[in-house]
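>>> predicted model, plus sequence, below.
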Amino acid sequence: MTAAAPVKTKYEAVIGLETHCQLSTETKIFSTSSAAFGADPNTHVDPVTMGLPGVLPVLNEKVLEYAVKAGLALNCQIAPYSKFDRKQYFYPDLPKNYQISQFDLPIAEHGWLEIELIEDGEPVRKRIGVTRLHMEEDAGKLVHAGSDSLAGSTYSLVDYNRAGVPLVEIVSEPDIRSGAEAAAYAEEIRRIIRYLGVGDGNMQEGSLRCDVNISVRPVGQEEFGTKVEIKNMNSFSAIAKAIDYEIERQIAAVEAGEPIYQETRLWEEGPQRTKSMRLKEGSSDYRYFPEPDLPPIEVTADQLSQWKSELPELPAQKRKRYEEALGLSAYDTGVIADDRAVAEYFERAIATGASSKLVANWIMSDIAGYLNAEKLSITDTKLSAEALAEMVKLIEDGTISNKIGKDMLPALLKNGGSPKEIVESKGLSQISDPAEIEAMIDEVIAAHPDELAKFKAGKTKLKGFFVGQVMKRTGGRADPKLTNQLLGKKLSS
């Protein structure tokens, strides 16, 4: 759906995200069952998960620690006193038919994070407010299996493995104005969660899920429009596309004088559109009340100080340091700091004195290409950060050419080893002696009189052919810059 450009300028979107992040604890939030992903259906269950009579939940202390650390990383105020509440709602995949969550006294509130976008080649930064972060349990999973020929009807199966898995829900302020901003916000949330080590943020497995609330209003109007929620988005690109579609849909409805209902809509990936699912419930429909089986939560000053001291340098801090201290571009810092393991690998390499720009280039290009092709992470490679730095230094001081480095890299990534020792044992040092290179050039020119004649006749692009022949004769060891200079003189004489 598209709208005419003049109409779009009359309206602005008001967008907020509710992001559910699964925490990587070994056990569930209120019981001792495993919280791991991928087990056979209904094998990670216990009396608490199944809501059997007489059982009582007990808060997993690691969940509290992870929630506080996430709140601190999002610049939130950590509540010294908070509590759990029952969310009364029919959950077919939660046996006790209510969810334990936090309502009016969440563990963290009043935070923010900064997003970065590239517009017209320049970085643009924007601060997005975080209303709150609270702890809750996940529901199970319904599997719609199809049709039962004996019963003559469709049926669904339920897997309770995910029921009771710990979540933090992060609710943003309505500060987002486009699909691109929303995707950037969700990506930064995932980076932070991964940097902290409190979750894996895997959207394909449901470890990170985003619900979008969106409305439109005329530019300059203070009052919000009617809010619509969008669910069922399993990628950042789907978040951006769903929002942009919904903006256009709502603007078109307003222009046509049609009502916009407060509802929940689904994103359909195939036709690339949103579809109405149900009218949206309000908080009163959930009939919250304090959870009677769990005591209030008190975070002590010592606990808060300890957990704060354990926070790593976060993605935004790394990006800023890489730009200001190392002189990397906004693009380079974004790529290198995207993954904590990559950033730590990069920092170990430059700690030896290797050029930060050259190390970054190798990581972002050749190494990233190898890892993507082999479906590996940087921690899986046999090439240590120190060995990469050693190879970069060999290129910097002219011992080997960039081409020789590229030729060596696959074996180094697969088998490891010292680049310097490989260069010495295989005689791969770069040839930088002008007399030796000139002799090679003379041999190449003598062996190709027809190409020389064509060059003399004006086909100057053949210079590249002669350079290639010299490189071929030297096994790529001739100094490329010196070879070009000497060859230019020879061909023009």
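Structure's in. What do you need?

>>> low-confidence ranges in this protein?
The chain contains residues with pLDDT under 70 at 1-8, 146-153, 280-284, 428, 430, 433, 436.

>>> middle-most residue in it, spatially?
Computing the C-alpha centroid of the chain and ranking residues by CA atoms, centre = their mean puts residue 187 first, at 5.0 Å.

>>> which residues does the spatially closest residue to it that is not a sequence neighbour contact?
Counting by CB to CB, 6 or more residues apart in numbering, residue 236 is the residue found nearest to residue 187 once chain neighbours are left out, at 5.6 Å. Heads up, the C-betas are built off the backbone N, CA and C, glycines and all. Applying CB atoms under 8 Å, 6 or more residues apart in numbering, one finds that residue 236 lies in contact with 183, 186, 187, 203.

>>> of all those residues, which two lie farthest apart?
Within the contacts of residue 236, 183 and 203 form the most distant pair, 11.7 Å apart (CB to CB).

>>> compare neighbour counts for those two and give me the winner.
Between residue 183 and residue 203, counted using other CB atoms under 10 Å, residue 183 has the larger neighbour count: 24 against 18.

>>> chain center to whichever strand or helix holds that one: distance?
Here residue 183, judged by DSSP states H and E, is contained in helix 179-196. Helix 179-196 has its C-alpha centroid displaced from the chain centroid by 6 Å (CA atoms, centre = their mean, to the nearest Å).

>>> same deal with stretch 236-249?
With CA atoms, centre = their mean as the basis, stretch 236-249 stands 19 Å off its chain's centre.

>>> can you check stretch 255-264 too?
For stretch 255-264, the distance between its averaged C-alpha position and the chain's averaged C-alpha position is 34 Å (CA atoms, centre = their mean).

>>> name the residues that touch it?
Contacts to stretch 255-264, defined as CB under 8 Å, 6+ apart, come from residues 3, 7, 215, 225-231, 250, 253-254, 276-280.

>>> which ones among these map onto strands?
Where the contacts of stretch 255-264 overlap with strands, as defined by DSSP state E, the overlap consists of 215, 228, 229, 230, 231, 276, 277, 278, 279.

>>> mark which of those residues are buried, thanks.
The neighbour-count test (16 or more other CB atoms under 10 Å) marks 215, 228, 229, 230, 231 as buried among these.

>>> closest one of the residues you listed to residue 322?
When those are compared against residue 322 (criterion: CB to CB), the nearest one is residue 230, at 34.6 Å.

>>> and the residue nearest to the closest one when sequence neighbours are not counted, how far is that from residue 17?
Closest residue in space to residue 230, ignoring its immediate chain neighbours: residue 212 at 4.5 Å, by CB to CB, 6+ apart. Relative to residue 17, residue 212 is positioned 6 Å away (criterion: CB to CB, to the nearest Å).

>>> same question, residue 288
Computed with CB to CB, the distance linking residue 288 and residue 17 is 22 Å.

>>> quick one: which of these two has more around it?
Between residue 288 and residue 17, counting by other CB under 10 Å, residue 17 is the more crowded of the two (26 against 17).

>>> the more buried one in helix, strand or coil?
On the three-state scheme (DSSP: H, G, I helix; E, B strand; the rest coil), residue 17 is labelled strand.

>>> try the one 4 residues further on
When states are read from three-state DSSP, the local structure at residue 21 comes out as strand.

>>> quick check: beta-bridge partners of it?
Under the criterion DSSP bridges, residue 21 forms beta bridges with residue 168, residue 208.

>>> report how many residues lie close to it.
The number of residues packed near residue 21 is 27, by other CB under 10 Å.

>>> again, but for the one 5 residues further on
Here the count is done by other CB under 10 Å, and residue 26 has 10 residues near it.

>>> thinking it is in contact with residue 35, fair?
Yes. Assessed by CB atoms under 8 Å, residue 26 is found in contact with residue 35 at 6.5 Å.

>>> show me the contacts for residue 64.
107, 135, 297, 299.

>>> in the residues you listed, find the pair that's most separated.
135 and 299 (12.0 Å).

>>> quickly list what's touching both of those two.
Counting by CB under 8 Å, 6+ apart, the contacts common to residue 135 and residue 299 are 64, 107.

>>> sheet partners, orientation included, of the longest strand seen in the chain?
The strand that spans the most residues within the chain, counting by DSSP E, is strand 122-137. Its sheet considered, strand 122-137 pairs with strand 108-119 (antiparallel), strand 166-172 (antiparallel) by DSSP bridges.

>>> what's the domain layout of the chain?
5-139+165-305, 313-426, 434-492 (automatic domain parsing).

>>> could you dump these to CSV with distance to residue 159?
Formatted as CSV, the entries for the domains of the chain read as follows, by distance: least, CB to CB, whole Å:
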stretch, distance to residue 159
domain 5-139+165-305, 4
domain 313-426, 27
domain 434-492, 56
